[in-house]
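Enquirer: Need a 3D model of the sequence below.
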Amino acid sequence: MRALVPLALAVLLSPACAPPAASPSPAAPNHPPSAAVVPLDTVAAAPAMPPPPAGTKLTYVHAGHLFDGTGDTVRDDVVLVLAGDRVQRVAPAHDVTIPSGSTVIDLSQDTVLPGLIDCHVHLGDRPDHVDDIYSFKDTPLTQAMIAVVHAKQTLDAGFTTVRDLGSTPFLSVDLRTMIDAGDIVGPRIVASGPMISMTGGHNDLNGFSPQTRVERFPGERSFSIADGADEVRHVVRAQMKYRVDVIKLAASGGVFSHGDKPGAPQFTIEELKVAVEEAHAQGRKVAAHAHGTQAIKNATVAGVDSIEHGSFLDDEAIGLMKAHGTWLVADIYNDDYTLSHAEELKMPHDYVEKERALGRTQRESFARAVKAGVKIAYGTDAGVYPHGDNALQFVTMVQWGMTPAAAIRAATSNAAELLGRSDVGVLAPGRFADLVAVSGEPLKDVKTLQHVELVMKGGNVVKDARAAQK
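Expert: Here you go, the predicted structure:
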């Protein structure tokens with residue numbers, strides 16, 4: 001259980017320019033994995049948008065190489081014309097006339113990509129506070145303050161959009177709202193409430209005496225604990241009342257919780273179906289925390305939109321996910337961090353043993369899913385390991401079966417499709433002007449994404465490491 005976060009806290013923290021998100025709608029499809037580099041004149045340039053209103057600020061970004069978030073190639077020598085917070089035009093540099101005195105961002109020596117997307121973060125969490133004891137130690141303000149720090153770290157790492165999948169009521173909703181208003185620096189947030197769990201499940205407070213409770217305000221548990229179809233329906237509706245964008249369910253046990261097993265299913269298919277029915281009826285998607293094989297199958301049959309973790313996949317589960325179009329969001333890097341830092345972080349012994357038991361199996365499951373053609377979106381579970389290190393997972397995804405281009409698409413166009421966002425994830429006319437620039441060639445070496453030189457969100461440069469070096 002976590003602390004309640006008051007909305008007013010965030011006004012104490014620094015402002016930034018971050019335009020509000022547009023209404024969600026479907027985005028680009030998957031593409032087969034491969035990697036190549038071709039000159040721009042062999043690829044049709046994206047069409048321009050209608051002329052912007054008079055007085056709109058135009059910015060010209062000269063990209064030496066452009067990976068637009070789709071396909072398997074980069075284009076050489078490209079200019080992106082930005083109108084306010086949107087991309088107006090993407091064209092070969094020789095086809096663009098830049099008026100004298102215009103704002104030009106020279107990235108002619110760099111590779112430019114869409115702003116990256118992490119589909120599974122916990123901005124209010126930190127790896128040194130994973131034990132349940134911090135439910136008693138942390139005040140209602142603790143997570144709110146650290147979440148603001150984490151949001152800035154995440155944005156500086158090049159992740160301009162995230163899906164926060166589990167926070168106290170309703171930290172990520174408030175953070176989303178204040179970032180959109182420009183009061184706080186951070187990525188666009190697709191926000192959930194607390195993960196919904198059965199009694200004694202992965203998001204319950206287990207192993208303490210019956211009289212021990214943590215409830216920061218009356219009825220806090222009513223947003224996170226449910227048993228039976230009627231209670232599940234009520235909790236989903238209660239979360240939607242407070243403007244969550246996505247519903248998160250615990251369909252199996254977990255690693256960082258006492259008294260349950262990651263492989264054991266939680267919630268019945270009926271309970272899961274009710275949650276999906278309620279969420280989908282109101283235009284919300286559903287993410288299911290599911291390590292165990294049966295839990296993955298139950299959640300997939302129930303109609304969830306994504307399986308988070310997916311540690312114990314078998315052929316039947318993979319077949320069901322393909323048949324239902326269910327996305328896999330597998331956090332396959334953080335096993336390295338957890339096992340190498342467990343002692344210094346004083347992680348509970350049972351957490352460490354559970355992680356050790358499933359880490360490699362999760363990666364093998366991921367490799368089978370990639371080979372079988374399951375839809376993959378990028379998600380790290382940041383909060384279990386440090387925020388700002390989100391890009392470390394690209395290397396692990398390539399090591400376990402993806403091409404660099406496919407791994408990057410998982411964090412751009414594929415992620416946007418999972419989130420139901422047609423305004424992010426691709427550098428094309430009409431999309432938000434969210435982009436990153438790196439030295440080197442990420443389609444040959446994804447490790448370059450760990451060192452982002454420039455980050456732009458909504459047409460505003462929010463980080464420029466090159467300027468700091470001058």
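Enquirer: So which residues of the stretch 201-350 of the chain form strands?
Expert: Using DSSP state E, counting those that start in this stretch, the strands of the stretch 201-350 of the chain run over residues 246-250, 285-290, 306-309, 327-329.
Enquirer: and Val426, that's in a strand?
Expert: No - counting by DSSP: H, G, I helix; E, B strand; the rest coil, Val426 falls outside a strand, being coil.
Enquirer: so it makes contact with Ala411?
Expert: No - between Val426 and Ala411 no contact is recorded; they are 11.8 Å apart, counting by C-beta atoms under 8 Å. From N, CA and C alone the C-beta is placed, and that goes for glycine too.
Enquirer: neighbour-wise, which of the two wins?
Expert: More neighbours surround Ala411 than the other of Val426 and Ala411, with 33 against 26 (other C-beta atoms under 10 Å).
Enquirer: Report the contact partners of the more buried one.
Expert: Contacts for Ala411 (C-beta atoms under 8 Å, 6 or more residues apart in numbering) come out as Leu116, Ile117, Asp118, Ala377, Tyr378, Phe394.
Enquirer: Identify the residue nearest the fourth one in space, chain neighbours excluded?
Expert: In this case it means Ala377. Closest residue in space to Ala377, ignoring its immediate chain neighbours: Leu418 at 4.3 Å, by C-beta to C-beta, 6 or more residues apart in numbering.
Enquirer: how far away is the one you found from Val304?
Expert: Separation of Leu418 from Val304 (C-beta to C-beta, to the nearest Å) stands at 12 Å.
Enquirer: Check Val246 too.
Expert: 11 Å.
Enquirer: Now do the shared contacts for the two.
Expert: The contact sets of Val246 and Val304 overlap at Val286, Ala287 (C-beta under 8 Å, 6+ apart).
Enquirer: Which helix runs longest in the chain?
Expert: helix 349-372 (DSSP state H).
Enquirer: Output the contacting helices and strands for that helix.
Expert: Under the contact definition 3 or more C-beta pairs under 8 Å, 6 or more residues apart in numbering; DSSP states H and E, helix 349-372 sits against helix 315-324, helix 334-345.
Enquirer: do you know how far Gln399 is from Glu343?
Expert: 25 Å.
Enquirer: So if I had to pick from the two, which one is more boxed in?
Expert: The neighbour count for Gln399 versus Glu343, taken as other C-beta under 10 Å, is higher for Gln399 (14 against 9).
Enquirer: distance of that one from Leu392?
Expert: From Gln399 over to Leu392 the distance is 12 Å, taken as C-beta to C-beta.
Enquirer: Same check on Lys354?
Expert: Going from Lys354 to Leu392 by C-beta to C-beta gives 22 Å.
Enquirer: just Met49 next, same as before
Expert: Distance, Met49 to Leu392, by C-beta to C-beta: 36 Å.
Enquirer: Please say which of the two ends up with more neighbours.
Expert: Between Met49 and Leu392, Leu392 has the larger neighbour count (other C-beta under 10 Å), namely 20 against 16.
Enquirer: what secondary structure does the more buried one sit in?
Expert: Taking three-state DSSP as the rule, one finds Leu392 in the helix state.
Enquirer: How many neighbouring residues does the closest residue to it other than its chain neighbours have?
Expert: The shortest distance from Leu392 to any non-neighbouring residue, by C-beta to C-beta, 6+ apart, is to Tyr333 (5.3 Å). Tyr333 sits with 24 neighbouring residues when counted by other C-beta under 10 Å.
Enquirer: isn't Tyr333 right up against Ala391?
Expert: No - between Tyr333 and Ala391 there is no contact under C-beta under 8 Å: 9.5 Å.
Enquirer: Just the contacts of Ala411: which are in strands?
Expert: Leu116, Ile117, Asp118 (DSSP state E).
Enquirer: Please report how far the second one lies from Asp350.
Expert: Yep, that's Ile117 we're talking about. As for Ile117, its distance to Asp350 is 33 Å (criterion: C-beta to C-beta).
Enquirer: swap in the last one?
Expert: Noted for Asp118: a distance of 27 Å to Asp350, by C-beta to C-beta.
Enquirer: More neighbours: those two, which one.
Expert: The residue with more neighbours, out of Asp118 and Asp350, is Asp118; 29 against 15, by other C-beta under 10 Å.
Enquirer: State the pLDDT value of Asn30.
Expert: At Asn30, the predicted lDDT confidence score is 37.
Enquirer: next one: Asp156
Expert: As predicted, Asp156 sits at a pLDDT of 98.
Enquirer: and what of the one 4 residues further on?
Expert: Note on Thr160: pLDDT of 99.
Enquirer: go on, Met1?
Expert: pLDDT, read off for Met1, is 34.
Enquirer: what do you get for the one 10 residues further on?
Expert: In this prediction, Val11 carries a pLDDT score of 33.
Enquirer: again, but for Phe208
Expert: Looking at Phe208, its pLDDT reads 64.
Enquirer: repeat for Ala372
Expert: Note on Ala372: pLDDT of 98.
Enquirer: roughly how far out does the host helix or strand of Val90 sit from the chain middle?
Expert: Using DSSP states H and E, Val90 falls within strand 86-92. Here strand 86-92 is found 26 Å from its chain centre; the criterion is C-alpha atoms, centre = their mean, to the nearest Å.
Enquirer: What average pLDDT does the next helix or strand after it get?
Expert: Later in the chain than strand 86-92, the nearest helix or strand by DSSP H and E is strand 103-114. Per-residue pLDDT over strand 103-114 has a mean of 98.
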